[in-house]
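In: quick one: sequence plus predicted model below, questions after.
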Amino acid sequence: MQRWSSSLARVRAPHRPRHYSAQSTPPIRPDPFSLLAPQLIELRQSLLSLLNSGHPRLSEITRYYFLHPSKQIRPIIILLFSRATNGLGRNWEHKLWEAQTHGAGGRSEELDSPLTRPDILNDWNPSKDIHTSSFNSSIFSLRPLASHRPSPPHRHAQSSANEPKQYDPEYILPTQTRLAQIVEMMHTASLLHDDVIDESALRRGQPSAPAAFGKKLSILGGNFVLGRASAALSRLGDAEVTDLIASVLSNLVEGEILQTKAVETQHGSESKKWQGDHLARIQDAWNIYLQKTYLKTASLMAKGARAAVTLGGCKEGDIWREIAYAYGRNLGIAFQLVDDILDYDSAAATLGKPGGADLQLGLTTGPALYAWEEYPNMGALISRKFENPGDVETAREFVARSSALDRTRELAQKYADKAKEVLQQLPESDAKVALEVLAERVIKRKS
C-alpha cells in the first residue's frame with residue numbers, strides 16, 4: 001500500500017487545530033444535513049421538474065430513484081463548498097453580478113432558458129412549457145433573427161489589496177444550486193445503468209429500476225437523465241465547469257471497464273522470489289482497485305466540489321479550488337472503502353441493496369485484497385472471480401478470519417483524515433466545520 005497511501009490528494013497548507021481552554025467546552029458542531037435542510041428540500045423538488053418528458057412512462061422511470069431517500073452526499077459537498085468559499089475568489093464580484101442582473105444568465109429563472117431556440121431543440125418538458133417545444137410536423141420556415149439573450153455589459157472583477165472575505169456564510173449562487181442538481185442527476189443516471197449491468201434486484205430498499213421497469217427502459221431512462229443534465233450543464237455559462245463535469249462521464253465508463261479487468265494472481269514455486277511476486281501482484285491489484293474507485297466514485301465528488309468553487313469566481317491560482325478537489329477526492333475514496341466494508345459486514349435490510357453483491361459479481365474490493373495478503377489461497381478465488389460453487393462462502397470466511405475489515409477501515413480513516421486536513425486553510429465558518437463533520441460521518445455510516 002506504499003504507493004497508494006502516499007498518493008492521498010494533498011494541498012500544501014499549514015494545519016491549524018482549534019484550541020479550547022480546560023474550563024470551556026467545544027461548541028456544538030453543525031450537522032451538514034440540518035444546516036442545508038431547506039436547500040436540500042428545494043433542490044430535490046425543483047430537480048424533479050427538470051426530468052419531466054412528454055412521455056409519461058419516461059418521466060416515471062427518470063424520477064423513480066429521486067423519489068426514494070438517498071444520502072445526497074454529492075450535492076451536500078457542492079453546497080457546503082459554495083458557502084465556505086463564496087466571496088474568496090478573484091472573480092466573485094462578476095459571478096455575483098451575473099446572479100443578480102437580468103439578462104446576465106446567472107439568475108435562477110434564466111438557467112431554464114435554452115441557448116438554442118426551443119423549436120430547434122424539440123425537447124419538450126411539460127414543467128417548462130415556456131422554454132421548451134415539442135416537434136411540429138409542419139414544414140420548417142425561417143424566422144427573423146433575434147437576440148436570444150441580451151449580452152451583459154463587460155465588467156472586470158474588482159481587485160482589492162485586502163484579504164478575501166466570505167460574501168455571506170449562507171449565500172449560494174443559483175448556478176451552484178443547479179450544479180448540485182446536475183451532479184445528482186449524473187450520479188442517478190449511473191445507478192440506472194449500473195443496476196442493469198449488475199442485475200441488481202434492490203436499490204435503496206426498493207425494487208431496482210430494471211426490476212420495476214425492465215432493462216431497456218432503465219438504460220433509456222439513464223440516457224435521458226444524462227441528456228437533461230448535459231443541457232443544464234451548458235447553461236451554467238462556464239467552460240471550465242463544463243469541462244470538469246463532462247469528463248466525469250468518461251471516468252465513470254473507464255472505471256466500469258477497469259472493474260471488469262481480471263486480477264493477475266498466478267504464481268509458481270514457494271520461493272522467496274514467489275513471495276516477492278505475490279506481494280507485487282497484490283500491490284498492482286490495489287493500484288487498479290483504487291484507480292477504479294476514483295473513476296467510479298471519487299471523481300464526481302472531487303470535480304463537483306472544484307466546479308462549485310469555480311462557479312463562485314475562483315480562478316487558476318486560487319488555493320480554494322485545489323482544496324475543494326483534494327477534499328472530494330479523498331472523501332470519495334474513503335466513502336467507497338466504507339461501502340466495500342459494508343458489503344461484507346451488513347445485511348441487505350441495512351444496506352438497502354443485496355449484501356455480498358460484490359463477491360456475487362466477481363468483484364475484488366479492498367477487504368478481499370487484504371485477505372489475499374494474509375491468505376494466499378484467496379488468490380485462486382480472485383483469479384476465477386469467485387465463480388466456482390462455494391467460492392463466495394470461502395472468500396467471506398477468509399475475510400472474516402483475517403484483519404481485512406479492520407485494515408480497510410483504517411485505510412478509509414486515513415483518507416477521511418486527509419480530507420479534513422486539507423480544509424484547514426479555509427476561513428472559519430459553519431460550512432467548513434460541516435465539511436469536517438461530513439468526513440467523520442462517512443467513516444461511521446452503517447448504510
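Out: That came in fine, so what should we check first?

In: surely T132 is in a helix?
Out: No - applying DSSP: H, G, I helix; E, B strand; the rest coil, one finds T132 to be coil, outside a helix.

In: which stretches in the protein count as strands?
Out: 202-203, 206-207 (DSSP state E).

In: surely R29 meets V437?
Out: Yes - using C-beta atoms under 8 Å, R29 makes contact with V437 at a distance of 5.4 Å. Heads up, the C-betas are built off the backbone N, CA and C, glycines and all.

In: lowest-pLDDT helix or strand in this structure?
Out: helix 2-5 (a mean of 45; mean pLDDT, DSSP states H and E).

In: excluding residues flanking it in the chain, which one is nearest T132?
Out: Nearest residue to T132 in three dimensions, chain neighbours excluded: N125, at 4.6 Å (C-beta to C-beta, 6 or more residues apart in numbering).

In: equivalent analysis for L51, please.
Out: In space, and not counting its chain neighbours, L51 is closest to T62: 4.5 Å by C-beta to C-beta, 6+ apart.

In: now do the contacts for the one you found.
Out: L51, S53, G221, F224, V225, R228 (C-beta atoms under 8 Å, 6 or more residues apart in numbering).

In: again with W372
Out: T265, I282, A285, M378, G379, I382, F398.

In: now the fifth one: how far from K215?
Out: Put plainly, it is G379. Remark: distance between G379 and K215 (C-beta to C-beta, to the nearest Å) = 34 Å.

In: the more surrounded of the two?
Out: G379 (20 against 14; other C-beta atoms under 10 Å).

In: give me the below-cutoff pLDDT ranges for the stretch 101-250 of the chain.
Out: 145-164 (pLDDT under 70).

In: roughly how far apart are Y415 and L279?
Out: Relative to L279, Y415 is positioned 22 Å away (C-beta to C-beta).

In: look at those two and report which has more neighbours.
Out: The neighbour count for Y415 versus L279, taken as other C-beta under 10 Å, is higher for Y415 (28 against 11).

In: for the residue nearest to L51, give its distance to L435.
Out: Counting by C-beta to C-beta - T62 and L435 are separated by 30 Å.

In: likewise for S383?
Out: Applying C-beta to C-beta to S383 and L435 gives a distance of 41 Å.

In: try D195
Out: 30 Å.

In: and the helices in the stretch 1-150 of the chain, which stretches?
Out: 2-5, 32-35, 37-49, 56-64, 73-85, 92-100, 118-121 (DSSP state H, counting those that start in this stretch).

In: do the same with the stretch 151-300 of the chain
Out: Going by DSSP H, counting those that start in this stretch, the stretch 151-300 of the chain shows helices at 174-197, 209-213, 215-234, 239-259, 272-293, 299-311.

In: in the fourth one, what counts as buried?
Out: Taking 16 or more other C-beta atoms under 10 Å as the basis for neighbour counts, the residues of helix 239-259 that come out buried are V241, T242, L244, I245, V248, L249, N251, L252, G255, E256, L258, Q259.

In: residues in contact with the closest residue in space to Y65 that isn't next to it in sequence?
Out: Once flanking residues are discounted, Y65 sits nearest to T188: 5.0 Å by C-beta to C-beta, 6+ apart. Neighbour list for T188: Y65, F66, V225 [criterion: C-beta under 8 Å, 6+ apart].

In: which one among these gets closest to A211?
Out: Distance to A211 across the contacts of T188 (C-beta to C-beta) is lowest for Y65, with 12.4 Å.

In: quick check: which ranges of the stretch 251-400 of the chain have low pLDDT?
Out: Checking the stretch 251-400 of the chain against pLDDT under 70 turns up 265-276, 347-355.

In: try 90 this time
Out: Along the stretch 251-400 of the chain, the model assigns pLDDT under 90 to residues 259-281, 317, 345-358.

In: give me the mean pLDDT for stretch 425-432.
Out: For stretch 425-432, mean pLDDT is 96.

In: end to end on that stretch, go ahead and measure it.
Out: Stretch 425-432 has an end-to-end distance of 10 Å (C-alpha to C-alpha, to the nearest Å).

In: tell me the buried residues in that stretch?
Out: Q425, L426, P427, S429, D430, A431, K432.

In: check contacts around the last one.
Out: Same thing as K432. By C-beta under 8 Å, 6+ apart, K432 lies in contact with A84, L423, L426.

In: any idea how far L426 is from it?
Out: For K432, the distance to L426 - C-beta to C-beta - is 5 Å.

In: count the neighbours of S141 for me.
Out: S141: 5 neighbours (other C-beta under 10 Å).

In: same check, this time on D168
Out: Neighbour tally, D168, other C-beta under 10 Å: 10.

In: so it sits against A84, correct?
Out: No - D168 lies out of contact with A84 (C-beta under 8 Å); the separation is 11.7 Å.

In: hmm, back to that, a markdown table please, covering the buried residues of helix 239-259 and showing distance to E199.
Out: Below are the buried residues of helix 239-259 laid out as a markdown table (distance: C-beta to C-beta, whole Å):
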| residue | distance to E199 |
| --- | --- |
| V241 | 35 |
| T242 | 34 |
| L244 | 32 |
| I245 | 29 |
| V248 | 24 |
| L249 | 23 |
| N251 | 23 |
| L252 | 18 |
| G255 | 19 |
| E256 | 14 |
| L258 | 20 |
| Q259 | 15 |
